[in-house]
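Colleague: Build me a model from this:
(2 chains)
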Amino acid sequence: MQILLINNNGGGFADHIDIADGTTVTQLFHEKIADGNPDDYLIRVNRQPCTADQVLHEGDRISITPTKIEGA
Amino acid sequence: MKSHNRTLLRQAVAICEQYRPDDAIATIGQLPKATWKAASTIISRLRRARWLGWHRAARRLQVDLRATLLRLQSHLGALERQIPSPHVRPQRLAVRELFEDLRALYEEFEDVTFDAKSKTLAVTTEPIELESILLGRFEIQLDCSRLTGGPNTYRVVALDPNPAACNESVTHPHIQGEVVCEGDGTQPIRHALEEGRLFDFFTIVDNLLKTYNPESPYVSLSDWFGVECADCGHTIDEDDRRTCEKCDATVCVDCYVICSHCREILCAACVSQCEDCEQYFCKTYLTECSKCSVERCRGCLDENERCSDCHEEESEATEKSFDDEDVSTETGTTIHADRVGEAVVST
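Modeller: Below you'll find the model as predicted:
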């Protein structure tokens, strides 16, 4: 199934991606940000707070934004 | 709730109307002249420090120069990105997406306002505290007619300003003159604005304000309330600071002294004055006179480590004893003690 992933870590691109049915938020997070700790990110599904084991559905919009972003 | 949604819908429509993807002519911001000038000043000081052999001062200036060049790089990069890429076609914003973003913003932040006249969408952060320094709330003001990224698209205004003591335009370590130096946030901010993802934009900027990067702030938090001169106790501006090259104490331009021998910058605790020539030297350069024990510079001591006063005194004493011997040699007489009853009559 297809979802919209907005990865604001680094480049900050928004892409439609295909994921397997039943993929949870945590599973997707670890797949896309391998060395990251979810506690260090603001994760929203359809702009709403979500749980770690929330299952994603077709057309969901998931955004992952680091809580620590260093200015210069 | 319905009236709130109607308000949000009106705002979303107003923002959509501002964003015309066919307006591919970019509005370019100003060149970072102040940052360029700051870098030029540091380079001049660095060259002078190297020429004078002030190695510690030179090392500190190198650190300052690096931070300033990084800011310059960031500003120039932001300007370059204001020019639309010929290969990227700006997207038309969807009212529905903007509506959902606005609704999420109202849920996420304490205060969200939209000025229909200026087309400015503003969000107020929670009070921000970094390393126990309370910086207060900030209002992130986005000009919705310029959703292309860059320094002129948005500004961040301190609502409860607690600026740096040495520069009141620095209200946050990474904000000067209401402009954020975006650093790691540059790309995500730009893409969020280009794609009309306003909720992402505001959360990215909010997270940036809550993060302190000690490597390259405009003013570091350790210097936020100013640095005191180790000698006179006055608060010193950044430009007027000098560092003692012996003990690293910070002193102001009125208090520092330069060693007349090695030319290093010194504070009052590390400097002494020669009693003879009255010049200032590192304490290690002064030696006690071997006779009177008063400190003199090496230039004012003779080969026997005596000061000029003691040298003179000793010379006089030596001369006097020579004079006395000369007198007895001349007359050839010896003077007898009293009560011998004899006296030599000159022949």
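Colleague: Would you mind measuring from the residue most central in space within chain B to chain A?
Modeller: Nearest to the mean C-alpha position of chain B, counting by Cα atoms, centre = their mean, stands B:Glu238 at 4.8 Å. In this structure, B:Glu238 and chain A are 17 Å apart, going by Cβ to the nearest Cβ, to the nearest Å. To be clear about C-beta, it is placed using only N, CA and C from the backbone, and glycine gets the same treatment.
Colleague: Now that residue, what are its backbone angles?
Modeller: With angles defined as degrees, to the nearest 10, B:Glu238 sits at phi -60, psi -40.
Colleague: what's the closest non-adjacent residue to it?
Modeller: Closest residue to B:Glu238 apart from its sequence neighbours, by Cβ to Cβ, 6 or more residues apart in numbering or on different chains: B:Cys166 at 5.0 Å.
Colleague: residues near that neighbour, how many?
Modeller: Per other Cβ atoms under 10 Å in any protein chain shown, the neighbour tally for B:Cys166 reads 20.
Colleague: For it, which residues are in contact?
Modeller: B:Val219, B:Asp223, B:Gly226, B:Ile236, B:Asp237, B:Glu238 (Cβ atoms under 8 Å, 6 or more residues apart in numbering or on different chains).
Colleague: and if we set it to 7 Å?
Modeller: By Cβ atoms under 7 Å, 6 or more residues apart in numbering or on different chains, the contact set of B:Cys166 is B:Val219, B:Asp223, B:Gly226, B:Asp237, B:Glu238.
Colleague: residues from chain B in reach of chain A?
Modeller: B:70-71, B:74, B:100, B:104, B:174, B:180-185, B:187-188, B:191-192, B:195, B:197, B:199-200, B:203-204, B:207-208, B:211, B:213, B:216 (Cβ under 7 Å from any Cβ of the partner chain).
Colleague: So which of those sit within helices?
Modeller: Per DSSP state H, helices hold the following members of these: B:70-71, B:74, B:100, B:104, B:187-188, B:191-192, B:199-200, B:203-204, B:207-208.
Colleague: ok, of the residues you listed, which come out buried?
Modeller: Neighbour counting with 16 or more other Cβ atoms under 10 Å in any protein chain shown marks B:70-71, B:74, B:100, B:104, B:187-188, B:191-192, B:199-200, B:203-204, B:207-208 as buried within these.
Colleague: ok, which pair from these is furthest apart?
Modeller: Using Cβ to Cβ, those span at most 36.3 Å, a distance reached by B:Leu70 and B:Glu100.
Colleague: Before we go further, B:Ile140 is sitting in a helix, right?
Modeller: No - assessed with DSSP: H, G, I helix; E, B strand; the rest coil, B:Ile140 is strand; it does not lie in a helix.
Colleague: Please tell me how far it sits from chain A.
Modeller: Relative to chain A, and taking Cβ to the nearest Cβ, B:Ile140 is found at 13 Å.
Colleague: With B:Cys289 instead?
Modeller: Computed as Cβ to the nearest Cβ, the B:Cys289 to chain A distance reads 56 Å.
Colleague: before we move on, what about B:Gln273?
Modeller: Plainly put, B:Gln273 is 45 Å away from chain A if you go by Cβ to the nearest Cβ.
Colleague: Next up, the contacts around that residue.
Modeller: Here B:Gln273 is in contact with B:Tyr280 (criterion: Cβ under 7 Å, 6+ apart).
Colleague: So for it, what pLDDT did the model give?
Modeller: For B:Gln273, the pLDDT comes out at 88.
Colleague: before we move on, what about the one 10 residues further on?
Modeller: Listed pLDDT for B:Lys283 reads 87.
Colleague: Just give the closest residue to it, not the sequence neighbours.
Modeller: B:Ser272 (4.9 Å).
Colleague: Against chain A, how distant is the one you found?
Modeller: 43 Å.
Colleague: Show the subsequent helix or strand relative to the host helix or strand of that residue.
Modeller: Counting by DSSP states H and E, the element that carries B:Ser272 is strand B:271-273. Tracing the chain past strand B:271-273, the next element assigned as helix or strand by DSSP H and E is strand B:280-282.
Colleague: What are the buried residues along the helix or strand following that next one?
Modeller: Counting by DSSP H and E, the element after strand B:280-282 in chain order, helix or strand, is strand B:286-288. By neighbour count on 16+ other Cβ under 10 Å, the buried set for strand B:286-288 is B:Leu286.
Colleague: So which elements touch strand B:286-288?
Modeller: If contacts are counted by 3 or more Cβ pairs under 7 Å, 6 or more residues apart in numbering or on different chains; DSSP states H and E, strand B:286-288 sits against strand B:295-297.
Colleague: got the contact list for the strand it packs on?
Modeller: Defining contact as Cβ under 7 Å, 6+ apart, one finds that strand B:295-297 is touched by B:272, B:274-277, B:279, B:281, B:285-289, B:307.
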